[in-house]
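Chemist: below is the sequence, then the predicted model.
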Amino acid sequence: MELYRRYHVLRKDFPKAHAMIVAIARLGDLFKDMSQYRRLLKLRNRKAQQLLDFFQFTLDMPGLYPELRRNFLIATQRLSSCSGLYPTCYDLKTIELMGGHPVTSGGFADIYKGRCNSEIVCLKVIRVYQTSHFQLFLKRISSEAILWGQLQHPNILPFYGVYYLNARPCLVSPWLDQDILSFLNDNPNVNRRLLVSDVASGVAFLHSREIVHGDLKAANILVNELQRATITDFGLSAVCDPSILHWASHSTAASKGGSVRWQAPELFDDVSDELVHNSKASDVYAFSCVAYEIFTEKLPFFELGKLEATVLHHVKTGGRPSCPTDLSPAWLPLRLTRSLWTLMQSCWHTNPEKRPSIDTVVDHTDLKVPDTRSVNDADSLLFSNFRHFMASRSIPPSFRAIQEILIDLEHLKDEILVEEN
């Protein structure tokens, strides 16, 4: 009966509410059955789309049990990655491109500027040079969209949806003009401890959802109009469920990912390569490197030059980012304290288990500073209105169709299942 109270939207329609609860319960059992789970991941086309829409419909419901939410999120990512599809609520149809060329280009993506529903948006297009890589590209962008789409927090850049630009899918988010280091260059007197606290709060939110970011660095932190730091770039993020992630054949390269200067030493372990993955502890290590960038405006290990091999060797042999000199502006006027430096060092501990949790970081006294920034979070309001508009266009899933798919998964042979997709 608890589920009936939780899904208040459906309480007035008892048959539909009952059908949904039955479907959720059956899927909960299916996720524990490897044979049926594998068959689910073989679904394609219409049936895969129906299930993905149902998964997202379930994830959007308030009060979903954390373990069930995590299982649905993992299944949504896996099916999306395998099928190259994503929930239809993320499908954006009309975006006006502002200029015909990328505004900027990164290592793997081109960034375009556009307009959607009177809002300026950012379009991230991952570059694909070979046709043979296109399916891998679709899987990567679908997986990132699924994970990013579940996150709503003041220190997480909102995700709007997926748009096709010249037949290439791209991820759409609000347009923000500056990353955190550019912002600091233009606003040198801003309270940097507030920005460090912002990043810690964003990471804490991810970890509360059992999500590891996997690629924290200043380049992936943007600043909005309220001067709040927001985390972006979830291409290497993963749900914290190693048993399912490993079973789904994630490569160690994909699971580690990230950038050498921000990576924890255990991620360079050559002895147990297949056993080491990005974790909450490695996120804490990387967070401390971001704090280092914010206070010093220098890259971690800047004194070692540009060769990443040199940095890797230094970290593997116990090296950590260097302490600012006594005359460094990082202390005054940029507000780094000895207590915070000690905290940052503890985040770089060689043993992941001895690093503080991100919640401990958030609660540190020196990060509890008065916040005079506006609480009228226009960005969150825009995000809420945008998502509401998108949800209003979505057709609720057919619970009868979902039940029929589940029956097929339980009783039909794999060959028949694939033929009927």
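Modeler: It's in.

Chemist: give me the number of residues near the nearest residue to residue 239 once chain neighbours are set aside?
Modeler: In space, and not counting its chain neighbours, residue 239 is closest to residue 74: 5.1 Å by CB to CB, 6 or more residues apart in numbering. Any C-beta I mention is one placed from the backbone N, CA and C, and that applies to glycine too. Residue 74: 22 surrounding residues under other CB atoms under 10 Å.

Chemist: now do the SS call for residue 74.
Modeler: Per DSSP: H, G, I helix; E, B strand; the rest coil, the secondary structure class of residue 74 is helix.

Chemist: likewise residue 331?
Modeler: Classification of residue 331 by three-state DSSP places it in coil.

Chemist: can you say which helix or strand has the closest residue to it other than its chain neighbours in it?
Modeler: Spatial nearest neighbour of residue 331, chain neighbours left out: residue 324 (6.6 Å); criterion: CB to CB, 6+ apart. Counting by DSSP states H and E, there is no helix or strand that carries residue 324.

Chemist: give me the three-state assignment for the residue lying closest to residue 83 once chain neighbours are set aside.
Modeler: The shortest distance from residue 83 to any non-neighbouring residue, by CB to CB, 6+ apart, is to residue 48 (4.1 Å). Three-state call for residue 48 (three-state DSSP): helix.

Chemist: just the pLDDT for residue 48.
Modeler: Listed pLDDT for residue 48 reads 95.

Chemist: quick check, it in contact with residue 81.
Modeler: No: if you go by CB atoms under 8 Å, residue 48 and residue 81 don't touch, sitting 11.0 Å apart.

Chemist: quick check: the spatially most central residue of the chain vs residue 124, distance?
Modeler: Closest residue to the average C-alpha location of the chain: residue 234 at 3.7 Å, with CA atoms, centre = their mean. Between residue 234 and residue 124 the distance is 11 Å, computed by CB to CB, to the nearest Å.

Chemist: quick one, strands of the stretch 301-421 of the chain?
Modeler: Taking DSSP state E, counting those that start in this stretch, the stretch 301-421 of the chain contains no strands at all.

Chemist: in this protein, which helix or strand is least confident?
Modeler: helix 242-247 (a mean of 33; mean pLDDT, DSSP states H and E).

Chemist: where are the low-confidence patches of the stretch 251-400 of the chain?
Modeler: Counting by pLDDT under 70, the stretch 251-400 of the chain contains low-confidence residues at 251-258, 271-275, 376-396.

Chemist: distance check, the residue in the chain sticking out farthest from the centre against residue 279.
Modeler: Going by CA atoms, centre = their mean, the residue of the chain most distant from its centre is residue 327, 37.9 Å out. Applying CB to CB, the value for residue 327 to residue 279 is 37 Å.

Chemist: over to residue 343?
Modeler: Distance from residue 343 to residue 279, by CB to CB: 19 Å.

Chemist: cool, residue 372 as well?
Modeler: Separation of residue 372 from residue 279 (CB to CB): 35 Å.

Chemist: do the same with residue 39
Modeler: Distance, residue 39 to residue 279, by CB to CB: 30 Å.

Chemist: where does residue 140 land in three-state SS?
Modeler: Per three-state DSSP, residue 140 ends up helix.

Chemist: next up, the contacts around it.
Modeler: 81, 126, 235 (CB atoms under 8 Å, 6 or more residues apart in numbering).

Chemist: want to throw those residues into JSON lines with pLDDT and neighbour count?
Modeler: Shown next, in JSON lines, are the contacts of residue 140 (pLDDT from 0 to 100; neighbours: other CB atoms under 10 Å):
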{"residue": "81", "pLDDT": "86", "neighbour count": "22"}
{"residue": "126", "pLDDT": "77", "neighbour count": "20"}
{"residue": "235", "pLDDT": "70", "neighbour count": "22"}
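
Chemist: okay, those residues in TSV with distance to residue 355 and secondary structure next?
Modeler: As requested, the contacts of residue 140 are arranged in TSV below (distance: CB to CB, whole Å; DSSP: H, G, I helix; E, B strand; the rest coil):
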residue	distance to residue 355	secondary structure
81	30	helix
126	32	strand
235	24	coil
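
Chemist: tell me which of those residues is nearest to residue 296?
Modeler: residue 235 (26.5 Å; CB to CB).

Chemist: what is the burial count for the residue nearest to that closest one when sequence neighbours are not counted?
Modeler: Using CB to CB, 6+ apart and skipping the chain neighbours, the partner closest in space to residue 235 is residue 144 (4.9 Å). Residues within reach of residue 144, counting by other CB under 10 Å, total 24.

Chemist: break this structure into its domains for me.
Modeler: 2-88+385-419, 96-174, 178-367 (automatic domain parsing).

Chemist: from residue 331, how far out is residue 122?
Modeler: 35 Å.

Chemist: the two - which one has more neighbours?
Modeler: Shown here are residue 122 and residue 331; by other CB under 10 Å, residue 122 has more neighbours (20 against 16).

Chemist: who's in contact with residue 371?
Modeler: So residue 371 contacts residue 194 (CB under 8 Å, 6+ apart).

Chemist: helix/strand/coil for residue 233?
Modeler: Judged by three-state DSSP, the three-state class of residue 233 is coil.

Chemist: backbone phi and psi for residue 125, please?
Modeler: phi -120, psi 120 (degrees, to the nearest 10).
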